[in-house]
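Undergrad: pasting a predicted model and its sequence here:
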Amino acid sequence: MAITFNHTIVAAHDRAESARFFTELFGLPAAREFGPFLAVELNHGVSLDYAQVAEGEDIRPQHYAFLVSEDEFTAIYGRITERGVPHWADPRGSRPGEINHNDGGRGVYFQDPAGHYLEILTRPYGSGAD
């Protein structure tokens, strides 16, 4: 049986702001309404479904990592730096303003408006030499 990831729900205090942040940085079409969600379409039919969280309700930050091409990394990272989005090379945030070159690729971490940790990387972990 082939198992394919289809969607996940991303909690946000302002679902429109979070979806717009993501689509603009990643160069994707605007999110579309889907029931109570704003759905952002990715490859292979996968979507991030942004859900509004009630005012004052806590959001537990999640980590979402995206494998991108070298050209996509350059474009996304360019938008991150142009907008002054804080970013770092490591998950602990000890290398601010840097990118990493793990496994012979490039990677960077940053947060969205809801506090979720986003990561873009050009090589999967364990795919090459550090």
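TA: That came in fine, so what should we check first?
Undergrad: can we go C-alpha only for contacts and neighbour counts from here?
TA: Fine.
Undergrad: tell me the contacts of G27?
TA: The contact partners of G27, by C-alpha atoms under 8 Å, 6 or more residues apart in numbering, come to I76.
Undergrad: could you do Y64 as well?
TA: Each residue near Y64 by C-alpha under 8 Å, 6+ apart is listed here: 116-119.
Undergrad: and R79, by the same measure?
TA: By C-alpha under 8 Å, 6+ apart, the residues touching R79 are L25.
Undergrad: that one should be in a helix, yeah?
TA: Yes - read with DSSP: H, G, I helix; E, B strand; the rest coil, R79 is one of the residues of a helix.
Undergrad: what's the spacing between it and E33?
TA: As judged by C-alpha to C-alpha, to the nearest Å, R79 and E33 stand 25 Å apart.
Undergrad: tell me the bridge partners for the residue nearest the centre of the chain.
TA: For the chain, the residue nearest the mean C-alpha position is L118 (3.8 Å; C-alpha atoms, centre = their mean). Beta bridges link L118 to Y64, F110 when assigned by DSSP bridges.
Undergrad: contact partners for it?
TA: By C-alpha under 8 Å, 6+ apart, L118 lies in contact with 63-66, 109-112.
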